[in-house]
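S.K.: this one's sequence-less:
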Ligand code: FES
Ligand code: FES
């Protein structure tokens, strides 16, 4: 009987451990150029368009490295507050 | 006896469910300007320094919106592959 109780206590302890472990801080980038060790984008000022050049910093844009507004959905779902970098030429 | 077996199977199922649930995708930005609903940085080209202007996209830089190299530690810890945006003037 004591063995049965011990096994159950161990089970409960295991469940408690799993539930109380904070989620591991994950990667920011789920999908963009995952074949690269590091995604760096490099543009000379001369290549920038006239007006606002809007660059993604949420790693969710379908037009990365440019912002397509996807940060809004990400912020809504996660409660985050990220947004783009804008360089105006 | 069958009740005991059923209870154990339910426990095992619960543990399996917990272990197989992917961690919830969290916020990208843990600390920068959390008082703002959305962090947007906006610079005219005229304000850029000559040479490389290196902008953080990992939300870990101590000199945000500029990159201070903190992406390296983030990538190492999480297995991520994020890096800065560079605008060269
Ligand atoms: S889509 Fe990523 S910052 Fe706008
Ligand atoms: S410190 Fe954030 S991209 Fe380099």
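M.R.: That came in fine, so what should we check first? What you see is a predicted model, and the numbers here were worked out from it, not measured in a lab. Ligands and ions are numbered 1, 2, ... in the order given.
S.K.: Thought residue A:89 was touching residue A:51, still the case?
M.R.: Yes - between residue A:51 and residue A:89 there is a contact under CB atoms under 8 Å: 6.7 Å. All C-beta atoms are positioned from the backbone trio N, CA, C, and that covers glycine.
S.K.: ranges for the strands of chain A?
M.R.: A:39-44, A:52-55, A:82-88 (DSSP state E).
S.K.: I'd like these as JSON lines, with mean pLDDT, mean neighbour count and distance to residue A:33 appended.
M.R.: Output for these, formatted as JSON lines (pLDDT from 0 to 100; neighbours: other CB atoms under 10 Å in any protein chain shown; distance: least, CB to CB, whole Å):
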{"stretch": "strand A:39-44", "mean pLDDT": "96", "mean neighbour count": "16", "distance to residue A:33": "5"}
{"stretch": "strand A:52-55", "mean pLDDT": "98", "mean neighbour count": "19", "distance to residue A:33": "15"}
{"stretch": "strand A:82-88", "mean pLDDT": "97", "mean neighbour count": "22", "distance to residue A:33": "18"}
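S.K.: who's in contact with stretch A:67-82?
M.R.: A:54-58, A:60-62, A:83-84, B:25-29, B:33-34, B:36-39, B:59 (CB atoms under 8 Å, 6 or more residues apart in numbering or on different chains).
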